[in-house]
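>>> I need the structure of the sequence given here:
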Amino acid sequence: MDMQVQVTVGDKYGLYHALLNATLILNILLDLGLNNYNNRKISINSNRFRQYFQNITAIRFLLAIGYLIVLQIYGYVASYTEKDIWFLFLLGISQVFLSSILYLRSNFTALGKYKLDSFFSVFDRIIMITGVVYLFLNQEKGYVNLENFIYIQVIGYGISFLIGLIVLSIFGSLVFPKIQKRFSKILLKKSAPYALIVLLMSAYHSSDAIMIERMLNNGEAETSIYAQSMRILTALNNYAYLFAVLLLPMFTKLLSKRESIQSLITTSSGLLLYGVFSMAFLMAFYSEDVIGLCYGKFADQDRFVDGTFNQKGIQNIGDVLVSSDVFQLIIFGIIPMSVNYCFGTLITASGKMKLLNKIAFASLVLNIVLNLFLIPEYGAYGAALASLITQSFSGLWQIIYAVKIFKIIVKLRALIRFVCGLGVVALSTIVLNHFDLELRIPFLFCFIVIGLIVAVKLIDVFRLAKGFGNSGV
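This next block holds a predicted model:
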């Protein structure tokens with residue numbers, strides 16, 4: 001729905017995207033790595049829940065106040081207008097609620113309540129979609145604007161947090177927040193490496209939009225183009241993120257019992273990477289159609305004519321073509337990002353945060369250097385290229401270290417099968433492009449299923465699903 005908001009408000013959405021990314025980079029001040037540390041520790045011993053919740057909740061309240069103050073200082077230093085700083089404050093409140101929801105979800109997964117975690121991963125979105133629909137139903141009254149869009153986010157995250165807190169109190173027997181100085185000091189010290197990795201990853205994920213908006217004369221317009229593609233990537237990323245949320249406690253338990261993680265990492269990474277590659281390749285191949293469908297202005301003309309996408313009916317076709325070029329690069333970033341969710345989660349579960357921090361720091365430096373050279377020359381396209389290179393760099397090193405540390409056996413036969421499965425998807429997409437849409441969709445679905453059967457052993461997938469079920473999914 002926010003795609004249609006961007007179409008309506010235009011380039012001003014670029015400002016919103018830059019402000020949002022500023023709140024994301026500073027988001028570490030809300031957490032300091034406590035979520036991942038809490039998830040890992042309670043997964044090992046659920047009896048720690050009450051003491052951890054009591055202290056972490058109190059600490060997070062103080063962090064939220066500090067975070068909002070720092071955001072306001074940033075707004076003034078960056079010379080934003082008073083209205084922009086007000087938007088920044090509202091987005092900061094949204095991040096406070098969102099971070100609190102993620103903390104509640106970390107407790108659900110650590111306690112084995114995976115169904116609840118899955119529910120609250122989408123509940124806030126359902127509320128916000130409902131709110132945006134209401135805005136568009138009253139579009140003639142001028143309701144569709146950035147301010148109302150931001151208010152919808154605050155309300156959606158706020159309601160989801162309150163309901164999540166009530167549900168957690170039912171399952172976890174919550175205690176009143178209280179800071180135990182000695183325990184909290186140790187807690188913050190041990191969670192520091194987790195905080196650093198979140199800060200570094202947020203920085204190289206979110207710095208692109210800020211640098212585009214600040215470095216270019218037409219920064220808002222270029223950031224708006226970048227945001228169009230990044231939003232689709234973020235939506236696709238939610239699918240990959242769910243794997244990380246489920247895998248972290250499972251890896252932690254296996255490692256604490258000194259059991260083999262070979263089967264779990266092989267099956268989960270194969271299943272995830274096959275899925276994201278299929279979606280990324282399809283979207284990149286039909287990039288003009290995807291961007292046109294999401295952001296094209298058609299007036300009263302139909303979006304589809306005679307079973308094909310009505311590209312000629314797009315009134316802002318020039319903007320769509322520019323944006324689709326950026327999208328072709330950005331969307332492939334989901335593949336290395338998914339590598340991070342599998343192999344990075346495994347390294348996190350083992351507690352080897354120093355290693356992850358080194359990779360993240362190197363990635364951040366690489367991303368900033370690439371952006372400094374590419375953004376002035378190529379704008380949003382340069383930032384997209386820098387992002388893809390950075391993500392690939394990070395993912396490759398995480399695979400190398402994970403294979404080395406955990407002695408993961410990479411079987412040549414399995415690797416060939418996986419590549420062949422991806423080949424089925426790629427080849428069928430290219431060949432079926434000559435078919436009408438009505439035939440293309442069912443045939444593509446069939447070939448994607450065939451590719452999955454080739455790429456991944458389904459018996460291992462069923463075992464993985466059974467493992468989730470036994471854990472409470």
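>>> switch to C-alpha atoms for all contacts and neighbour counts from now on
Fine.
>>> OK, contacts around residue 394?
Contact analysis of residue 394 by CA atoms under 8 Å, 6 or more residues apart in numbering lists 336, 340, 359, 360, 363.
>>> One more: residue 120?
Contacts of residue 120 by CA under 8 Å, 6+ apart are 101, 105, 160, 164.
>>> Of all pairs in these, which one is the farthest apart?
105 and 160 (11.2 Å; CA to CA).
>>> more crowded one of these two?
Shown here are residue 105 and residue 160; by other CA atoms under 10 Å, residue 105 has more neighbours (27 against 22).
>>> Can you name the next helix or strand after the helix or strand hosting residue 234?
Per DSSP states H and E, residue 234 falls inside helix 219-256. Sequence-wise, the next helix or strand downstream of helix 219-256 (DSSP H and E) is helix 262-285.
>>> what's that following helix packed up against?
Counting by 3 or more CA pairs under 8 Å, 6 or more residues apart in numbering; DSSP states H and E, the packing neighbours recorded for helix 262-285 are helix 219-256, helix 317-330, helix 334-339, helix 412-431, helix 437-455, helix 458-470.
>>> between those, which one is nearest to residue 137?
helix 219-256 (22.8 Å).
>>> and the closest one, which residues are buried?
Buried positions in helix 219-256, judged by neighbour count with 16 or more other CA atoms under 10 Å: 219-230, 232-233, 236-237, 240-241, 243-255.
>>> Run the angle between that helix and helix 317-330 for me.
Helix 219-256 runs at 20 degrees relative to helix 317-330, counting by axes from the mean of the first three to the mean of the last three CA atoms, to 10 degrees.
>>> out of everything not next to it in sequence, what's closest to residue 366?
residue 390 (6.6 Å; CA to CA, 6 or more residues apart in numbering).
>>> element containing the one you found?
Using DSSP H and E, residue 390 maps to helix 380-405.
>>> Give me the buried positions along that helix.
Those would be 380-395, 397-399, 401-402, for helix 380-405 by 16+ other CA under 10 Å.
>>> repeat for stretch 363-381
363-364, 366-368, 370-372, 374-376, 379-381.
>>> Narrow those residues to those in helices?
363-364, 366-368, 370-372, 374-376, 380-381 (DSSP state H).
>>> Tell me the one among those nearest to residue 332.
Distances from residue 332 to those, taken by CA to CA, are shortest for residue 381, at 13.5 Å.
>>> Surely residue 90 touches residue 152?
No. In this structure, residue 90 is not within contact of residue 152 by CA atoms under 8 Å, at 10.4 Å.
>>> related to what we said a few turns ago, the helix holding residue 234 to helix 262-285, inter-axis angle?
Going by the same axes, to 10 degrees, helix 219-256 makes 160 degrees with helix 262-285.
>>> tell me the angle of helix 219-256 relative to helix 380-405?
Using the same axes, to 10 degrees: helix 219-256 against helix 380-405 is 10 degrees.
>>> Could you double-check that residue 440 sits in contact with residue 433?
Yes. Taking contacts as CA under 8 Å, residue 440 lies within contact range of residue 433: 7.2 Å.
>>> Neighbour count: these two, which is higher?
residue 440 (16 against 13).
>>> residue contacts, the more buried one?
With CA under 8 Å, 6+ apart, residue 440 has these contacts: 432, 433.
>>> And it, what's its pLDDT?
On the pLDDT scale, residue 440 is placed at 80.
>>> quick one: least confident helix or strand in the chain?
helix 2-9 (a mean of 51; mean pLDDT, DSSP states H and E).
>>> pLDDT below threshold where in the stretch 201-350 of the chain?
Along the stretch 201-350 of the chain, segments meeting pLDDT under 70 span 204, 299-316.
>>> Go ahead and flag the most central residue of this protein.
Centroid check for the chain by CA atoms, centre = their mean gives residue 237 as the closest residue, at 4.3 Å.
>>> OK, contacts around that one?
334, 337, 338.
>>> what's residue 164 in contact with, if anything?
Residue 164 is in contact with 101, 104, 120, counting by CA under 8 Å, 6+ apart.
>>> And it, how far from residue 405?
In this structure, residue 164 and residue 405 are 37 Å apart, going by CA to CA, to the nearest Å.
>>> still on that earlier bit, how far out from the middle of the chain is the helix holding residue 234?
With CA atoms, centre = their mean, to the nearest Å as the basis, helix 219-256 stands 2 Å off its chain's centre.
>>> now the helix holding residue 390: how far from the chain's centre is it?
15 Å.
>>> So the closest residue to residue 147 other than its chain neighbours: helix, strand or coil?
Leaving aside its chain neighbours, residue 147 sits nearest to residue 87 (7.1 Å; criterion: CA to CA, 6+ apart). Following DSSP: H, G, I helix; E, B strand; the rest coil, the label given to residue 87 is helix.
>>> Tally up the residues packed near residue 453, please.
Based on other CA under 10 Å, the number of other residues close to residue 453 is 14.
>>> And it, how far from residue 64?
Distance of residue 453 to residue 64, computed by CA to CA: 47 Å.
>>> now do residue 228
Relative to residue 64, and taking CA to CA, residue 228 is found at 29 Å.
>>> Over to residue 86?
Applying CA to CA to residue 86 and residue 64 gives a distance of 17 Å.
>>> cool, and residue 23?
Distance from residue 23 to residue 64, by CA to CA: 12 Å.
>>> more neighbours, residue 86 and residue 64?
Set residue 86 next to residue 64 and count neighbours by other CA under 10 Å: residue 64 wins out with 22 against 15.
>>> If I look at that one, what pLDDT would I see?
The model's pLDDT for residue 64 equals 88.
>>> OK, contacts around it?
29, 30, 96.
>>> before we move on, what about residue 276?
Residue 276 sits in contact with 236, 240, 334, 335, 338, where contact means CA under 8 Å, 6+ apart.
>>> how does it look with 10 Å?
Contacts here follow CA atoms under 10 Å, 6 or more residues apart in numbering; on that basis residue 276 touches 236-237, 239-240, 282, 331-338.
>>> Residue 160 too?
97, 98, 100, 101, 120, 121, 122, 123, 124, 125, 126, 127.
>>> If we use 8 Å, what do you get?
Residue 160 neighbours (CA under 8 Å, 6+ apart): 101, 120, 123, 124.
>>> quick one: which of the residues you listed is nearest to residue 112?
residue 120 (14.3 Å).
>>> Please give the element, helix or strand, for residue 100.
Per DSSP H and E: residue 100 is located in helix 82-110.
>>> Counting by contacts, list what that helix packs against.
Helix 82-110 packs on helix 12-25, helix 34-44, helix 49-77, helix 114-137, helix 146-172, helix 219-256, going by 3+ CA pairs under 8 Å, 6+ apart.
>>> mind listing what's buried in it?
In helix 82-110, counting by 16+ other CA under 10 Å, buried: 84-85, 87-110.
>>> And stretch 120-140, by the same measure?
In stretch 120-140, counting by 16+ other CA under 10 Å, buried: 120, 121, 123, 124, 127, 128, 129, 131, 132, 135, 136.
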